[in-house]
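In: Next comes the sequence, and after it the predicted model I'd like to discuss.
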Amino acid sequence: MTNLAKLIPGNTFPSIEAMLLDGDRVNLGQAHGDADWQMLVVYRGKHCPLCVRYLNLLEQHKQQLTAIGVSITAVSADSKIQATENMQSLNVSFPIAYGLSVEQMKQLGLYISTPRSETETDHIFSEPALFVINGEGVLQAVDISNAPFLRPELDVIVRGLTFVRKQTDYPIRGTLIE
């Protein structure tokens, strides 16, 4: 059995880059636009209808997140062709990155899966995760799943982040390490 490396809330989020469909490279943990916080959503890829649904639901919360200074980027291990094809099913205005490597997946502490068959997809992919990185580049919140149907409710995330952003002394949770 292999131990999975965990990112620790309160520590600096690793500098990881991926490609956007327009050819630009993006630092996945860095806020963009007028935001100072970043929400990074890792999704399984084009082959996952639950991921497409989740990303489309996330778009419905983008305005609320933007209002509290949180930008959104989503990333998968898909190829550029797969990511481009996936845009036909996605109705989102936040950046979609592709090409997450196995090394990067491990660096993020993600659960990694192999396809069940060639009809599912043609590459190793990560299971879903959600990271919130604060204005200092520190991991504020993390949710890592090993299955596509285990994801935090977006309404709850938005309400929680709104609460945290309004507090001046709300601590980063989960930092006690024995």
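Out: Yes, it's here. Residues are numbered from 1 along each chain as shown.
In: got the buried residues for stretch 158-167?
Out: Residues of stretch 158-167 classed as buried under the neighbour-count rule (16 or more other C-beta atoms under 10 Å) are Val158, Leu161, Val164, Arg165. Bear in mind the C-beta positions are built from the backbone N, C-alpha and C, glycine included.
In: Repeat that for stretch 117-131.
Out: Neighbour counts using 16+ other C-beta under 10 Å place Thr121, Phe125, Ser126, Glu127, Pro128, Ala129, Leu130, Phe131 of stretch 117-131 among the buried residues.
In: Output those residues as JSON lines; include the columns distance to Leu20, secondary structure and pLDDT.
Out: Listed next are those as JSON lines, based on distance: C-beta to C-beta, whole Å; DSSP: H, G, I helix; E, B strand; the rest coil; pLDDT from 0 to 100:
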{"residue": "Thr121", "distance to Leu20": "20", "secondary structure": "coil", "pLDDT": "77"}
{"residue": "Phe125", "distance to Leu20": "19", "secondary structure": "strand", "pLDDT": "88"}
{"residue": "Ser126", "distance to Leu20": "18", "secondary structure": "strand", "pLDDT": "93"}
{"residue": "Glu127", "distance to Leu20": "22", "secondary structure": "coil", "pLDDT": "95"}
{"residue": "Pro128", "distance to Leu20": "20", "secondary structure": "coil", "pLDDT": "97"}
{"residue": "Ala129", "distance to Leu20": "19", "secondary structure": "strand", "pLDDT": "98"}
{"residue": "Leu130", "distance to Leu20": "19", "secondary structure": "strand", "pLDDT": "98"}
{"residue": "Phe131", "distance to Leu20": "18", "secondary structure": "strand", "pLDDT": "98"}
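In: Distance to Ala77 added to those, as CSV?
Out: CSV is the format used below for the buried residues of stretch 117-131 (distance: C-beta to C-beta, whole Å):
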residue, distance to Ala77
Thr121, 9
Phe125, 5
Ser126, 6
Glu127, 11
Pro128, 12
Ala129, 12
Leu130, 16
Phe131, 16
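In: Could you check the pLDDT of the residue nearest the centre of the chain?
Out: In the chain, the C-alpha nearest the mean C-alpha coordinate belongs to Val41, at 1.7 Å (C-alpha atoms, centre = their mean). Val41 carries a pLDDT value of 98.
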